[in-house]
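Chemist: Could you work out the structure for the sequence below:
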Amino acid sequence: MLVTGVARPLAGRFVRRIQRDPQVDRVVAVDAVPPEHHLGGADFVQADIRQPTIARVLAETAADTVVHMDVTGTALGSGSRTAVKETNVIGTMQLLGACQKSPSVKRLVVKSSTNVYGSAPRDPAVFTETTPPKSLPSGGFAKDTVEVEGYVRGFARRRPDVAVCVLRFANILGPSADTPLASYFSLPVLPTVFGYDPRLQFVHEDDVIEVLRIASHEPLRSTLNSGTFNIAGDGVLLLSQCARRLGRPTVPLPLPAVTWAGSLVRTLGMTDFSPEQIRLLTHGRVVATDQMRDTLGFEPKYTTAEAFTEFARSRGPGLLPPEALAGAVDRIAALSHQGSGHPPAHFPVHPPTHSPTQSAD
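Modeler: Numbering: from 1, shown residues only. Now for the predicted structure:
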């Protein structure tokens with residue numbers, strides 16, 4: 001088995017876990033940089049999947065299963081958004097080219113995202129795997145995943161003998177989550193879009209590891225573990241519920257456009273937060289997971305609410321000292337003024353207090 005993107009904590013965890021499966025004889029872990037975490041007994045090969053050398057690595061190892069986890073929305077270390085996009089798109093192209101030439105490859109598992117559906121005002125209440133998006137993502141990680149899945153479909157047509165499994169994960173959360181949305185929820189105060197309270201779904205990183213493990217093996221059932229599957233915990237949470245569980249105040253802002261949203265969150269310490277993420281926090285997104293259960297036979301251990309609770313617990317208390325909170329709100333208000341061209345306004349700060357209608361949280 002060959003696994004890409006192992007310098008990232010989630011892929012490192014998967015490498016350590018999959019080695020314990022008796023069906024796995026050898027794991028080859030690949031990344032452009034050496035990981036800071038241990039990989040158990042896996043053989044690490046330093047190789048950039050954006051380069052043709054990945055074909056040589058695949059040929060020399062004669063791997064029968066490839067798990068492509070180097071599709072991500074965040075840079076590693078001091079990497080740039082450009083480097084992330086190149087790894088996601090160009091790296092996937094090179095890897096699939098290598099898989100196409102390799103007679104030993106029999107199974108391909110690709111870590112994708114429900115971002116492929118986009119987020120738009122007229123979206124269906126629930127997306128299934130065959131629901132076309134109302135509006136294709138125009139940039140960021142969401143656009144990368146659309147392009148990646150397109151290349152994967154092309155590969156599946158050219159190599160029908162290879163079982164291809166694409167896992168579309170909802171927003172991944174957990175104690176070690178490193179995603180744009182995890183960064184957003186780690187902000188001291190959460191800017192929200194005035195008049196919107198989107199529905200969100202999450203999947204716990206432990207469940208991510210387990211479903212990747214299941215998809216990497218030949219199935220016990222008659223139906224092959226191949227196709228495209230939405231992966232998410234049961235249930236949904238509103239953004240307002242998330243804020244209350246974190247203990248962080250929200251600042252509702254008018255957001256007729258998203259052109260200045262990147263500057264807003266960068267001021268608060270985030271490096272990459274695309275307009276697609278802002279659209280998610282405006283319109284939300286919910287996916288059906290019937291195929292995950294019926295075909296893969298996977299039942300998540302964590303619901304959406306439980307996954308978020310684990311994430312919130314790992315982040316600790318949310319409230320800032322009053323003076324620091326006031327400063328953060330002032331910076332958000334100033335950016336809103338710059339983006340709208342209107343005079344500064346006093347935006348209401350919604351503290352994370354509980355009301356009788358919120359007791360279910």
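Chemist: Can you list the residue ranges for strands in the stretch 1-150 of the chain?
Modeler: Along the stretch 1-150 of the chain, counting by DSSP state E, counting those that start in this stretch, strands occupy 2-4, 28-31, 43-46, 65-68, 107-113.
Chemist: Tell me which of those strands lies nearest to Y196.
Modeler: Of all the strands of the stretch 1-150 of the chain, it is strand 107-113 that lies closest to Y196, at 21.4 Å by CB to CB. From N, CA and C alone the C-beta is placed, and that goes for glycine too.
Chemist: correct me, but P9 touches L39?
Modeler: No - assessed by CB atoms under 8 Å, P9 is found out of contact with L39, at 11.4 Å.
Chemist: Neighbour count: those two, which is higher?
Modeler: L39 (21 against 17; other CB atoms under 10 Å).
Chemist: Please name the residues that touch that one.
Modeler: Applying CB atoms under 8 Å, 6 or more residues apart in numbering, we find L39 in contact with V6, G12, V15, R16, V27, A29.
Chemist: From the residues you listed, which land in helices?
Modeler: G12, V15, R16 (DSSP state H).
Chemist: got the contact list for the last one?
Modeler: Under the criterion of CB under 8 Å, 6+ apart, the neighbours of R16 are H38, L39, G40, A42.
Chemist: Tell me the spacing between R26 and V203.
Modeler: 28 Å (CB to CB, to the nearest Å).
Chemist: what about the two, which has more around it?
Modeler: Taking other CB under 10 Å, R26 and V203 do not tie; V203 has more neighbours (26 against 13).
Chemist: name the element that one belongs to?
Modeler: Element membership of V203, judged by DSSP states H and E, is strand 202-204.
Chemist: helices and strands around that strand, which ones?
Modeler: Using 3 or more CB pairs under 8 Å, 6 or more residues apart in numbering; DSSP states H and E, the elements in contact with strand 202-204 are strand 171-173, helix 304-315.
Chemist: right, so these: which one is the most enclosed?
Modeler: Highest mean neighbour count of those: strand 171-173, a mean of 26 (counted as mean count of other CB atoms under 10 Å).
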